[in-house]
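Colleague: next one to model:
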Amino acid sequence: MRRRVQGVRYALAQAFPELLAAIALLSGWALLTWGVASLLVWQVWPISAGLLLLALFGFGFLGTIAREGLYLLSKRGARRG
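Modeller: Sure, this is the predicted structure:
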């Protein structure tokens, strides 16, 4: 049991900088959206959340979908499987 706790502590210590970076990124997004929403309207929140999700997922993937098209990509995937 003690080894398991030490392993968890070690894993958390290794991931701590990444966790801090993720918290900083999301906090910055929330504060920026809050500021824009206070100047404009509350509808900024869902738009901003959508842009955040797109950015986290990757704009390169969206570019591939736009260039190739979902139908062609799904046909390629079906042939591979």
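Colleague: closest to the centroid, which residue in the protein?
Modeller: Centroid-nearest residue in the chain, with Cα atoms, centre = their mean: residue 56, separated by 2.9 Å.
Colleague: any idea which helix or strand in this structure has the lowest mean pLDDT?
Modeller: Sorting the helices and strands of the chain by mean pLDDT, DSSP states H and E puts helix 70-80 at the bottom, at a mean of 65.
Colleague: before we move on, back to that, helix or strand for the residue nearest to the centre of the chain, which one?
Modeller: helix 44-57 (DSSP states H and E).
Colleague: mind listing what's buried in that helix?
Modeller: 44, 48 (16 or more other Cβ atoms under 10 Å). (Glycine included, C-beta is placed from N, CA and C.)
Colleague: ramachandran angles for residue 24?
Modeller: Main-chain dihedrals, residue 24, degrees, to the nearest 10: phi -60, psi -40.
Colleague: apologies, that question was intended for residue 40.
Modeller: Torsion angles, degrees, to the nearest 10, at residue 40: phi -110, psi -110.
Colleague: distance of it relative to residue 34?
Modeller: 11 Å (Cβ to Cβ, to the nearest Å).
Colleague: neighbour count for the two, which is higher?
Modeller: Per other Cβ atoms under 10 Å, whichever of residue 40 and residue 34 has more neighbours is residue 34, with 13 against 9.
Colleague: where are the low-confidence patches of this structure?
Modeller: Along the chain, the model assigns pLDDT under 70 to residues 70-71, 73-74, 76-81.
Colleague: what's the burial count for residue 33?
Modeller: For residue 33, using other Cβ under 10 Å, the count is 18.
Colleague: that one and residue 44 touch, don't they?
Modeller: Yes. With contact defined as Cβ atoms under 8 Å, residue 33 counts as touching residue 44 (6.2 Å).
Colleague: quick revisit: which residues are contacting the helix holding residue 56?
Modeller: 29, 32, 33, 36, 37, 62 (Cβ atoms under 8 Å, 6 or more residues apart in numbering).
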